[in-house]
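Student: need coordinates for the following:
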Amino acid sequence: MSIRIHPTAIIEPGAELADDVEVGAYTLVGSGVKVGAGSIIGPHCVVRGLTEIGAGNRIFQFCSIGEVPQDKKYAGEPTRLVIGDRNTIREFCTFNCGTVQDGGVTRIGSDNWIMAYVHVAHDCAVGDQVIIANSSQLAGHVSIGDHAILGGFTGVHQFCSIGAHCITSVGSVVLQDIAPFVMAAGNPAAPKGINGEGLRRRGYDAATVQAVKHAYRTLYRSGLPLAAARAELERQAAEVPLLELLTGFIATQRRGLAR
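Tutor: The predicted model follows:
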């Protein structure tokens, strides 16, 4: 099957597109771009830089994908943006390439649902099966774990991490790291409980959800210093392996844990 490219689209020499990729009207695909099988890039998009887009992605109109980072230190280095498979990327999203001050790569995993006007800045790492609602903004060097859900207008400070299975409420301002499983809300965002419903929907049984609740109480309600709470959580994780997401996150926190 021939590549389905609108006659007004511009595909620069050197771009690599799988045979069944669709490109909409007035879209520009730069010379360093690679696009995998079954992906669709809508009209009026700009896809530039050293950008790799996997298979089965749907990119809606007016997106800017792979542009240079909004970082004054950037001096034209050949940094990258890597996007996995089967992502839905809605209108007016902006994803930037990485910087050499970090790993040089911005990464977005697979099976994500990224709604309109979302910004993913340089050197971010977004996991798999993440939902990012409209107008949420990720500053540079942000990490988002698998299955996280960011409510609309969530703002995340640079270098913050949001753990797996988290959920933030609308308008949350994340200034410190949010541990896995946590529901967070406010400005600044603070823990409000666990995302028990999300865990149940993903097939975790009642005993596992209860173990996560107990771990939450250990970390946030016991009054233990963080070092002591971490030791107790490691004991709990030996019995419930899912809690290793929590202990590993605490060990690698970067901005201090929101408690």
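Student: tell me where the chain has helices.
Tutor: Ranges of helices in the chain, per DSSP state H, are 196-201, 206-220, 226-237, 244-251.
Student: which one of those helices lies nearest to N187?
Tutor: Closest approach to N187 among these is made by helix 206-220 (18.7 Å; CB to CB). Bear in mind the C-beta positions are built from the backbone N, C-alpha and C, glycine included.
Student: contacts for that closest one?
Tutor: Contacts of helix 206-220 with the rest of the structure, by CB atoms under 8 Å, 6 or more residues apart in numbering, involve 179, 181-182, 191, 193-194, 196, 199-200, 224, 229, 232-233, 236, 239-240, 242-243, 246, 250, 259.
Student: same thing but at 7 Å, please
Tutor: Outside helix 206-220, the residues that touch it by CB atoms under 7 Å, 6 or more residues apart in numbering are 179, 181, 191, 194, 196, 199-200, 229, 232-233, 236, 240, 242-243, 246, 259.
Student: min pLDDT across the residues you listed, which one?
Tutor: Minimum pLDDT across the contacts of helix 206-220 is recorded for R259, with 88.
Student: which residues are in contact with that residue?
Tutor: 191, 220.
Student: for the protein, which spans come out with low pLDDT?
Tutor: Scanning the chain for pLDDT under 70 picks out the ranges 1-3.
Student: walk me through the domains of it.
Tutor: For the chain, automatic domain parsing gives the domain ranges 4-141, 198-251.
Student: ok, which of the ones you listed comes nearest G163?
Tutor: domain 198-251 (4.8 Å).
Student: name the nearest residue to L245, sequence neighbours excluded.
Tutor: Spatial nearest neighbour of L245, chain neighbours left out: P180 (4.5 Å); criterion: CB to CB, 6 or more residues apart in numbering.
Student: also L257?
Tutor: Counting by CB to CB, 6+ apart, L257 lies nearest to D177, which is 5.4 Å off, once chain neighbours are set aside.
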